[in-house]
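Chemist: Need coordinates for the following:
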Amino acid sequence: MPPSQRYPFSVIRERLRAHQTTALDFAIGSVYPGLSEPLAKLVGDRPELALQRAGGERLDALVEAARTFLSRVYGIDADSTDVLPAPAGRLAMSALAACVLRPHDGVLVTEPGYPAFARVAVHHHATIYRAPLDPERGFAPRLDQVGDATVKVASLNYPNNPTGALLSPSTLEELRRLLAADAVIFNDAVYGPLTHDGPPESLMVAGERLGIEQPLLELHSLAKLFALGPQGLSFLVGSPGLIADLREFTEFLWGPPSALQVELSLCALEDEAHLERVRAFFSDRVARLRQVLTAGGFVPYATPAGLYVLCEAPELVAGSPVQSAQQAADKLFEAAGLAVVGWDAPPHSYLRFSALCQDRDLDSLSELLSTRGLL
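Modeler: This is a model prediction of the structure:
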């Protein structure tokens, strides 16, 4: 999307706020599994921790808990110096861009793909190259269309938002051939553990298995997995030299987290049972949403991971022709108050439905699709 356009999710949130009593929110959603009992008890018993800075020993404990989590969930064998806690995912992306990119450096992103890093990179005057995801190949990126562009950062997002696709070894093999030895391969793995058909996968493990020489960096977050909202910390794991550069850059940029943030993150990282409940919760919601959409006339793509269900945008909505996914999304909202994300990635146009919808909205969507003749 051109940098002159507003961030699309900000526009969607404004639209939802203006129609919050009538809209069916399948664009963003707000339903997460509740806090586990230990997390809820910590918030209730120790609210004063929100006003205290975390001490150095507790930050060290957080790094060790993150290492254990990464090993348990993904099989990542990382040293403590290879893990860097971050206040939030977008701040981690901003640090990467500021630390690595110079004006006119090339940044490779996938289309469709979560737009945050591309937005950050544009403000660092980088040149954006978009690799379209091919639905005929399980949404693997068409890297051949990038040509001979010089790329400094390849920004991936697996499990992918919005397609739910997983990172394939063949994609990494192509990136190894395409990129210079000092180019960074970055993966936003915020939905990493939320795989529905198999075990979670990591860029770090796959890259080591394939002998990738380029620096690797992966972002993990607790906010969505554990319903911690702004209290949820993120952390980066990556190649030693790159993490060292990021640590030096951010030590004067990031203030220390609160003691409450650190204690909540420690509790979440150590709660193996809750993570499995979270995975089951989202897998069930994705399956229910797919069932409703299929019964209502949509044809969802496979959803191996993540929180969203992707469909090809229809050519008609409420009897009127539409020329793009955004037009289809606008028409669905105007005709029925149904909020979805329109994602145009020529030659394809997609609609993204969020499984974070309210149960009552899911029931309303089922009735709407069966009675209103929207498609």
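Chemist: For the rest of this, base every contact and every neighbour count on C-alpha atoms.
Modeler: Fine.
Chemist: shaky segments in this protein?
Modeler: By pLDDT under 70, the weakly predicted segments of the chain are 1-7, 20-21.
Chemist: Nearest the middle, which residue of it would you pick?
Modeler: When Cα atoms, centre = their mean is applied to the chain, the residue found nearest the centroid is residue 190 (4.7 Å).
Chemist: That residue should be in a strand, yeah?
Modeler: No: for residue 190, which was evaluated using DSSP: H, G, I helix; E, B strand; the rest coil, the result is coil, with no strand membership.
Chemist: Please, where are all the helices along the stretch 101-250 of the chain?
Modeler: Taking DSSP state H, counting those that start in this stretch as the criterion, the stretch 101-250 of the chain contains helices spanning 116-122, 169-178, 203-210, 240-250.
Chemist: okay, the ones you listed, which one's buried deepest?
Modeler: helix 116-122 (a mean of 20; mean count of other Cα atoms under 10 Å).
Chemist: So which elements touch that helix?
Modeler: Under the contact criterion of 3 or more Cα pairs under 8 Å, 6 or more residues apart in numbering; DSSP states H and E, the helices and strands touching helix 116-122 comprise helix 89-100, strand 106-111, strand 127-134.
Chemist: State which helix of this structure is the longest.
Modeler: If you go by DSSP state H, the chain has its longest helix at helix 272-295.
Chemist: List the neighbours of that helix that are in contact with it.
Modeler: Outside helix 272-295, the residues within contact range by Cα atoms under 8 Å, 6 or more residues apart in numbering are 33, 36, 193-196, 225-226, 268, 299-300, 303, 306-309, 355-356, 362, 365-366, 370.
Chemist: and that helix, how far from the chain's centre?
Modeler: Using Cα atoms, centre = their mean, to the nearest Å, the mean C-alpha position of helix 272-295 is found 17 Å from that of the whole chain.
Chemist: buried set for it?
Modeler: Of all the residues in helix 272-295, those buried under the rule 16 or more other Cα atoms under 10 Å are 274-275, 278-279, 282-283, 285-286, 289-290, 292-293.
Chemist: With stretch 247-267 instead?
Modeler: When burial is assessed from 16+ other Cα under 10 Å, stretch 247-267 yields the following buried residues: 247, 250, 256-267.
Chemist: and if you look at stretch 132-140?
Modeler: For stretch 132-140, a neighbour-count test (16+ other Cα under 10 Å) marks 132-133, 139-140 as buried.
Chemist: Just the CA atoms from that stretch would do, formatted as CSV, please.
Modeler: Output for stretch 132-140, consisting of C-alpha atoms alone and laid out as CSV, is shown next (Å, rounded to 0.1, in the frame of the first residue of the first chain):
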residue,chain,number,x,y,z
PRO,A,132,3.1,-11.9,-3.8
LEU,A,133,1.9,-15.0,-1.9
ASP,A,134,0.7,-17.7,-4.3
PRO,A,135,-2.5,-19.4,-3.2
GLU,A,136,-1.8,-22.1,-5.7
ARG,A,137,1.4,-23.1,-3.8
GLY,A,138,0.1,-22.9,-0.3
PHE,A,139,0.7,-19.1,-0.2
ALA,A,140,4.5,-19.5,-0.7
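Chemist: List the contacts of that stretch.
Modeler: Contact with stretch 132-140 is made by 110-112, 141-143, 163, 165, 167-168, 171, 345, as judged by Cα under 8 Å, 6+ apart.
Chemist: at 7 Å instead, please
Modeler: Contacting residues not belonging to stretch 132-140 are listed as 110-112, 141-142, 165, 171 [Cα atoms under 7 Å, 6 or more residues apart in numbering].
Chemist: Narrow those residues to just the buried residues.
Modeler: Burial of the contacts of stretch 132-140 was assessed by neighbour count (16+ other Cα under 10 Å); the buried members are 110-112, 141-142, 165.
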